[in-house]
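[1] sequence unavailable; structure follows:
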């Protein structure tokens with residue numbers, strides 16, 4: 001039977017009347033298992049009122065055991081409340097885990113799925129279906145291409161990284177950068193990212209710079225994050241979190257690009273020397289000096305100011321202009 005036919009036949013069972021494909025039983029909780037890789041129990045409080053616990057859970061018979069198709073959270077809440085048995089609707093026509101998994105996903109497609117549920121469903125479908133059938137089922141779940149790509153990239157991440165993504169500490173697009181981190185390095189990075197609110201771009205920068213720093217200094221990422229300057233920032237009670245984040249980023253940038261930092265200091269010194277009016281004239285170089293380009297913004301409120309400022313700018317030597325326009329000369 002093809003995957004499509006399995007899903008179709010399974011969904012038809014849902015509409016069957018009792019006494020047809022359903023068999024209602026009181027089953028000992030010790031005989032019931034949760035579906036492997038298809039249950040997210042991170043929010044048991046949602047949708048599990050006393051009234052909901054009166055509803056039967058949907059299961060299929062797997063030898064001498066019963067496996068939940070729908071009602072995982074209700075089942076766990078029943079167990080936690082001390083119940084010894086629970087009402088089960090046994091679908092007799094579902095006799096294997098694959099068709100049961102397809103039915104479980106089908107039954108949940110009409111509601112808003114959590115990040116964890118989307119990930120679990122996508123991973124299960126990827127592992128159990130052909131590429132064509134997989135794409136169809138993903139579309140039915142309402143997962144768009146970009147989100148699908150991000151979720152697929154997470155399939156090789158550790159549980160700790162997945163939890164950080166779920167909690168919003170790590171952007172899904174950045175999480176795969178930690179796949180090759182050691183356990184201790186990954187833990188150290190996650191500690192930083194969970195403590196402060198780093199933007200998506202800052203996360204990307206840190207996850208790119210840290211391995212490069214560790215390689216260059218022949219040490220671990222964890223050791224880089226234990227740098228004295230970083231510890232001082234973490235312990236500085238006068239700084240708020242946004243200030244700490246900015247300073248952490250600046251320190252790691254300086255460690256990663258020391259020559260660029262030196263060039264920037266020399267460039268800033270030249271600007272201070274030649275700027276005729278720091279309140280009205282602003283020099284701006286390209287980001288990271290990647291272009292030989294200089295922008296000058298001038299704010300004036302009278303013709304006299306314009307004449308004075310422009311005359312002073314004209315008096316700057318060609319050598320100084322070259323150093324401002326071509327920042328590499330300062331390296």
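    In hand now; what should we look at? This one's a predicted model, so the numbers in the text were calculated from it and none came from an experiment. Numbers count the residues shown, from 1 in each chain.

[2] neighbours of the closest residue to residue 134 other than its chain neighbours, how many?
    Nearest-residue entry for residue 134: residue 125, 5.1 Å, with adjacent residues in sequence omitted and distances by Cβ to Cβ, 6 or more residues apart in numbering. Any C-beta I mention is one placed from the backbone N, CA and C, and that applies to glycine too. Look at residue 125: counted by other Cβ atoms under 10 Å, it has 20 neighbours.

[3] likewise for residue 23?
    Around residue 23 there are 13 residues (other Cβ under 10 Å).

[4] and the residue lying closest to it once chain neighbours are set aside, which of the three is it?
    Nearest residue to residue 23, sequence neighbours excluded (Cβ to Cβ, 6+ apart): residue 90, at 4.5 Å. For residue 90, the assignment made with DSSP: H, G, I helix; E, B strand; the rest coil gives strand.

[5] buried residues of the helix or strand hosting the residue nearest to residue 134, list them for me.
    Per DSSP states H and E: residue 125 is located in helix 115-128. Buried residues in helix 115-128, counting neighbours by 16 or more other Cβ atoms under 10 Å, are found at 115-126, 128.

[6] then stretch 78-98?
    Across stretch 78-98, burial judged by 16+ other Cβ under 10 Å covers 78, 86, 88-91, 94, 97-98.

[7] check the offset of the helix holding residue 125 from the chain's centre.
    Remark: helix 115-128 is offset 16 Å from the chain centroid, using Cα atoms, centre = their mean, to the nearest Å.

[8] how about stretch 169-176?
    The answer for stretch 169-176 is 3 Å, by Cα atoms, centre = their mean.

[9] against residue 275, how distant is the residue of the chain most remote from its centre?
    Relative to the C-alpha centroid of the chain, counting by Cα atoms, centre = their mean, residue 304 is the outermost residue, at 55.0 Å. The spacing between residue 304 and residue 275, counted by Cβ to Cβ, to the nearest Å, is 18 Å.

[10] mind giving me the packing neighbours of the helix or strand containing residue 271?
    Using DSSP H and E, the element containing residue 271 is helix 258-274. Helix 258-274 sits against helix 318-325, with contacts defined as 3 or more Cβ pairs under 8 Å, 6 or more residues apart in numbering; DSSP states H and E.

[11] on that earlier part again, how close does the residue nearest to residue 23 get to residue 108?
    19 Å.

[12] now do the strands in the protein.
    22-28, 32-33, 57-62, 65-70, 85-91, 281-285, 294-298 (DSSP state E).

[13] residue 32 contacts residue 61, correct?
    No. Using Cβ atoms under 8 Å, residue 32 is not in contact with residue 61, being 10.8 Å away.

[14] lowest-confidence helix or strand of the chain?
    helix 3-14 (a mean of 41; mean pLDDT, DSSP states H and E).

[15] related to what we said a few turns ago, ok, the residue nearest to residue 23 - contacts?
    22-25, 59-61, 66 (Cβ atoms under 8 Å, 6 or more residues apart in numbering).

[16] looking at the buried residues of stretch 78-98, spot the one nearest residue 70.
    Nearest to residue 70, judged by Cβ to Cβ, of these is residue 89 at 8.9 Å.
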